[in-house]
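Undergrad: quick one: sequence and predicted model below, then my questions.
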Amino acid sequence: MRLLTLLLMAFLPLASAGLAQGTKAPPAAPPMQPGAPPVSAPTAPPYPTLAAALPMQAAGFTRAGLTDFESRPGGQGLGAAAEYRPSEGGSGVATLYQYTRGIAALPEGTTSHLVEQEIQAALTEIRSVGPLRRYGLANLAEAPFIPAPDGQPALRCMGMLLVYEGGSRAADSFICVGVLHGRFLKLRLTLPTDRQGDGQPRLLALGRAVVAALVKAG
């Protein structure tokens, strides 16, 4: 099944560079491992506060919209997603997802196997849509974590280089996942490689800004 639009984050063509990342729900969760927190039917978190908590401007990005999946029929556990676009215009997109999958008592931080499952589900989706979007995954490596205001890891990140057919276009792409206030928090960022080495610093700046905002909002 597909959760949070119901697939993690599809790459849609972005403006001039033809790169994209749509506001999609996460894919079906991998099978739960022994000892995982029980699935329950918790009261829906107050996702409208996501809109109030997140800044309109952050680290050179402007918030472009928010989708509340939780309030839709059958949307329990799907949460919400906020999209950011570069303030200077041009290609690139970041999407921040907040959701529970209906799992009670999610362990805070980045070290649980549930966070690892979310990351692996994202990578599987990215690979699976590659032939459709005509790109290949040229590189995959751990990226620096995004810290909370207290310096502790808030989001664990993986960095990728996506190379499109013919080799004339490429994109830096990142997936970051953690648990904050009992909800999964996932950040997806894709930027064309027009400015070498620009992707990771922009990811860190945006990630720190939105995590700090959500920590403050509680």
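TA: Here it is on my side, so go on. Numbering: from 1, shown residues only.

Undergrad: so the residue nearest the centre of the chain bridges to which residues?
TA: For the chain, L187 is the residue whose C-alpha lies nearest the centre (CA atoms, centre = their mean; 2.7 Å). Using DSSP bridges, the beta-bridge partners of L187 come out as L96, C176.

Undergrad: hmm, it is touching Y84, no?
TA: No: between L187 and Y84 there is no contact under CB atoms under 8 Å: 9.5 Å. For glycine as for every other residue, the C-beta is placed from the backbone atoms N, C-alpha and C.

Undergrad: between those two, which contacts overlap?
TA: Listed as contacting both L187 and Y84 by CB atoms under 8 Å, 6 or more residues apart in numbering are A94, T95, L96, L206.

Undergrad: let's have those residues in a markdown table, adding distance to L114.
TA: Formatted as a markdown table, these follow (distance: CB to CB, whole Å):
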| residue | distance to L114 |
| --- | --- |
| A94 | 23 |
| T95 | 20 |
| L96 | 18 |
| L206 | 24 |
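
Undergrad: now, which of the residues you listed sits nearest G60?
TA: L206 (7.7 Å; CB to CB).

Undergrad: for the closest one, list the residues it contacts.
TA: Contacts of L206 (CB under 8 Å, 6+ apart): A58, A59, G60, F61, Y84, A94, L187, L189.

Undergrad: go with 10 Å
TA: A58, A59, G60, F61, Y84, A94, L96, I146, F174, C176, L187, L189 (CB atoms under 10 Å, 6 or more residues apart in numbering).

Undergrad: quick check: it vs Q57, distance?
TA: For L206, the distance to Q57 (CB to CB, to the nearest Å) stands at 11 Å.

Undergrad: common neighbours of those two, please.
TA: By CB under 10 Å, 6+ apart, the residues touching both L206 and Q57 are Y84.

Undergrad: against which helices or strands is whichever strand or helix holds V179 packed?
TA: In the assignment (DSSP states H and E), V179 maps to strand 170-180. If you count contacts as 3 or more CB pairs under 10 Å, 6 or more residues apart in numbering; DSSP states H and E, strand 170-180 packs onto strand 93-99, helix 113-133, strand 135-147, strand 153-164, strand 183-192, helix 199-217.

Undergrad: looking at these, which is nearest to P107?
TA: P107 lies closest to helix 113-133 among those, at 7.1 Å (CB to CB).

Undergrad: tell me which other helices or strands the closest one touches.
TA: Helix 113-133 packs on strand 135-147, strand 153-164, strand 170-180, strand 183-192, going by 3+ CB pairs under 10 Å, 6+ apart.

Undergrad: ok, which of the ones you listed comes nearest G89?
TA: strand 183-192 (12.5 Å).

Undergrad: packing partners of the closest one?
TA: strand 80-86, strand 93-99, helix 113-133, strand 153-164, strand 170-180, helix 199-217.

Undergrad: and the second one, how far out from the chain middle?
TA: To tie it back to what came earlier, the one meant is strand 93-99. Distance of strand 93-99 from its chain centroid, counting by CA atoms, centre = their mean, to the nearest Å, is 4 Å.

Undergrad: from the contact counts, what lies against that strand?
TA: Using 3+ CB pairs under 10 Å, 6+ apart, strand 93-99 is in contact with helix 48-53, strand 61-68, strand 80-86, strand 170-180, strand 183-192, helix 199-217.
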